[in-house]
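Undergrad: Structure here, sequence nowhere to be found:
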């Protein structure tokens, strides 16, 4: 297994694309199958965005200032995906907007992946080189073990803080 950060992220992208294809191939009446696939999508995206937000993006912002705007846009794209994942996490597969919300998530994340892979990963690879990308990738692989697997639900942080303060 490669520890190159870009390779690690591209492997995640491929796995996420496969889940998207599984959802789309499930068919209209496969409610339970779609629910299971969406749960896997949510988990995969939660882990992936955590690794990018906590390891890859900060390093890129510091070391490759030419892609600063791309990274800031990616943070916002992650935010949109996080919101959709939080909403989907509370929905059943037979909810009226479940398929539509999942489709919007797929479209947004697919766009995000294409931008990363085609537009700025090549710039990052050139600027950072193999050694630095391996260091970042090794950190990401280590952090994956303890990465969040499910989105924080709205109000969960407030409840946790309230519990500590009470």
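TA: Noted; the coordinates are in hand. In this text the structure is predicted, and so the values were computed from the model without any measurement.

Undergrad: And the strands in this structure?
TA: Here the chain has no strands by DSSP state E.

Undergrad: how about the helices of it, start to end?
TA: 5-25, 31-51, 57-63, 68-89, 98-115, 121-144, 156-165 (DSSP state H).

Undergrad: in the longest one, what counts as buried?
TA: Same thing as helix 121-144. 121, 124-125, 127-128, 132-137, 139-141 (16 or more other C-beta atoms under 10 Å). C-beta here means a position set from N, CA and C on the backbone, and glycine is covered the same way.

Undergrad: Same question for the first one.
TA: Of the residues in helix 5-25, those buried under the neighbour-count criterion (16+ other C-beta under 10 Å) are 5, 6, 8, 9, 10, 12, 13, 16, 19, 20, 22, 23.

Undergrad: residues contacting the nearest residue to residue 109 once chain neighbours are set aside?
TA: Sequence neighbours aside, residue 81 is the residue nearest to residue 109 in space, at 5.6 Å (criterion: C-beta to C-beta, 6 or more residues apart in numbering). Contacts for residue 81 (C-beta atoms under 8 Å, 6 or more residues apart in numbering) come out as 45, 49, 105, 108, 109, 112.

Undergrad: same deal with residue 56?
TA: Here residue 56 is in contact with 5, 9, 136, 140 (C-beta under 8 Å, 6+ apart).

Undergrad: Greatest separation within those: which pair is it?
TA: Put simply, by C-beta to C-beta the two of the contacts of residue 56 set farthest apart are 9 and 136, 9.8 Å from each other.

Undergrad: low pLDDT regions in this structure?
TA: 1, 153-166 (pLDDT under 70).

Undergrad: measure residue 46 to residue 109 for me?
TA: Distance, residue 46 to residue 109, by C-beta to C-beta, to the nearest Å: 12 Å.

Undergrad: neighbour count winner among these two?
TA: residue 109 (25 against 21; other C-beta atoms under 10 Å).

Undergrad: follow-up on the earlier one: so which of the contacts of residue 56 comes closest to residue 150?
TA: Using C-beta to C-beta, those come closest to residue 150 at residue 140, 18.9 Å.

Undergrad: The closest one and residue 15, how far apart?
TA: Taking C-beta to C-beta, one finds residue 140 at 14 Å from residue 15.

Undergrad: picking that back up, just put the buried residues of helix 5-25 in a markdown table and tack on distance to residue 63.
TA: A markdown table is the format used below for the buried residues of helix 5-25 (distance: C-beta to C-beta, whole Å):
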| residue | distance to residue 63 |
| --- | --- |
| 5 | 12 |
| 6 | 14 |
| 8 | 17 |
| 9 | 16 |
| 10 | 19 |
| 12 | 21 |
| 13 | 22 |
| 16 | 26 |
| 19 | 31 |
| 20 | 31 |
| 22 | 36 |
| 23 | 36 |
